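Asks: Using only what follows, build the 3D model:
(3 chains)
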Amino acid sequence: MKAHINVAALNMRGFGNPSLFHRDNKWKYILAMLRDKRIGILILEETHLNPERIEEINKHYERVMKVFGSSDPTNPTGRGGVAVVVNKQLVALEGVKTFEIVQGRALMVQLVMHKGDKINILAVYAPNVSGNDGSANAQLWRDIQHWLESKPHAPRPNVLMGDFNMVESGAVDRLPAHDDPEEAVDALDDLKMYLQLKDGWRTTFPDKKGFTFLQDATGSQSRIDRIYVTDGILETAREWNIRTSGVPNADHDLISVQITSENAPFTAKGRWRIPEYVVKDRGFLDHAREQGIIAKKELEELNMERSPGKNPQQIWNTYKQKIIQKARDRAREIVPGLVRKI
DNA sequence: CGTACCACCACTATCGTGTA
DNA sequence: TACACGATAGTGGTGGTACG
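Replies: A predicted model of the protein is given here:
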């Protein structure tokens, strides 16, 4: 049984050839990506999908994926558009709900993970800022917040991801470095605070330079594609990645993360067990062996004579306590190491 | 089917002008 | 002098249509 799921986002820059069967159509690359990278949920921007195209895709790829989309109101096949693709072979579709918050720009999907946990993913494609004018970009964040405030019974997103078309800190997220308009940064900040969300990649790599968008013409790079999550999700999230997508002519990279549902085994009320990555850890194994030998020696020295302070049960128990303590210590040491390795 | 065309889209850089 | 702002240019793509 799988407790974790790969979530990814990509700006796909159009549909490709208008025929799904044509070799230059992009959707077969999307499918290949879902399979190769074992992506359960994929967020797409600049999809240029109208309802007819969505229907066509859902028919053609019915056995493997389901697409939920929101189209630009004025030019659905020509600009913008967000979509959420569910890999049917990895994620159950029962109980899925969608909320179109801003047409062609913001679409929320609620999915039911195993054990009934719900995950609410808000997919966004923000307007780009032009020069110093961040007003359109800022407006999207305000529109989303107003929508949420006016619908207190709608789900709160615990994942916010997509193409933000701006960065929070120009010094580290752009090359050459430059800040984006304050209006946009502030509006996103407000929404972040309202939803208690954090930039997962930046939290994991506080000073690292990493970019998701390269403009060939100018050589400038930026990290305008991001994934924000709640603390609860951040705790167990792994594998924050920026990778090439394999989709032709998509000039953004694929961003992804592996998340675990909030009540998943590691943090559940259920019995704690030694994580797999600790069981395989050399430091832990050596310690377990050493302590085992010590315990065995103590047992032999007992020579079948028991007393309240010294008996086989007690020796066994202290042995177990020592191993568990070591496992917890190693787990704490290993996890940041794993993250750093990525 | 491929190609040629045209308007449009996305994103960044740069340059001139006004203001502190 | 420094910066904010607005307009514009530049690059390379897209989608739709027409044409062969």
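
Asks: Please count neighbours and contacts with C-alpha atoms only from this point.
Replies: Will do.

Asks: now the residue lying closest to residue A:129 once chain neighbours are set aside, what's its secondary structure?
Replies: Nearest non-adjacent residue to residue A:129, counting by C-alpha to C-alpha, 6 or more residues apart in numbering: residue A:137, 6.3 Å away. Put simply, residue A:137 is helix when judged by DSSP: H, G, I helix; E, B strand; the rest coil.

Asks: residue contacts, residue A:81?
Replies: A:45-49, A:69-72, A:103-105, A:125 (C-alpha atoms under 8 Å, 6 or more residues apart in numbering).

Asks: about what we covered before: so the residue nearest to residue A:129 sits against residue A:130, correct?
Replies: No - checked against C-alpha atoms under 8 Å, the pair residue A:137 and residue A:130 is beyond contact range at 9.6 Å.

Asks: out of these two, which sits in the busier spot?
Replies: Neighbour count, other C-alpha atoms under 10 Å: between residue A:137 and residue A:130, residue A:137 has more, with 24 against 12.

Asks: ok now do that one, which residues does it touch?
Replies: So residue A:137 contacts A:126-129, A:165, A:184 (C-alpha under 8 Å, 6+ apart).

Asks: The most centrally placed residue in chain A sits in which helix or strand?
Replies: Using C-alpha atoms, centre = their mean, the residue of chain A that lies closest to the mean C-alpha position is residue A:257, 3.5 Å off. Per DSSP states H and E, residue A:257 falls inside strand A:254-260.

Asks: list the helices and strands that strand packs on?
Replies: Identification of packing neighbours for strand A:254-260 by 3 or more C-alpha pairs under 8 Å, 6 or more residues apart in numbering; DSSP states H and E yields strand A:4-11, strand A:225-229, helix A:231-236, strand A:238-243.

Asks: which parts of the last one are buried?
Replies: Spelled out, it's strand A:238-243. For strand A:238-243, a neighbour-count test (16 or more other C-alpha atoms under 10 Å) marks A:238-242 as buried.

Asks: same check, this time on the third one
Replies: Residues of helix A:231-236 classed as buried under the neighbour-count rule (16+ other C-alpha under 10 Å) are A:233-234, A:236.

Asks: Same check on stretch A:76-88?
Replies: So for stretch A:76-88, counting by 16+ other C-alpha under 10 Å, buried means A:76-87.

Asks: Make JSON lines out of these and add secondary structure and pLDDT.
Replies: Formatted as JSON lines, those follow (DSSP: H, G, I helix; E, B strand; the rest coil; pLDDT from 0 to 100):
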{"residue": "A:76", "secondary structure": "coil", "pLDDT": "90"}
{"residue": "A:77", "secondary structure": "coil", "pLDDT": "90"}
{"residue": "A:78", "secondary structure": "coil", "pLDDT": "89"}
{"residue": "A:79", "secondary structure": "coil", "pLDDT": "90"}
{"residue": "A:80", "secondary structure": "coil", "pLDDT": "90"}
{"residue": "A:81", "secondary structure": "coil", "pLDDT": "92"}
{"residue": "A:82", "secondary structure": "strand", "pLDDT": "95"}
{"residue": "A:83", "secondary structure": "strand", "pLDDT": "95"}
{"residue": "A:84", "secondary structure": "strand", "pLDDT": "96"}
{"residue": "A:85", "secondary structure": "strand", "pLDDT": "96"}
{"residue": "A:86", "secondary structure": "strand", "pLDDT": "95"}
{"residue": "A:87", "secondary structure": "strand", "pLDDT": "95"}
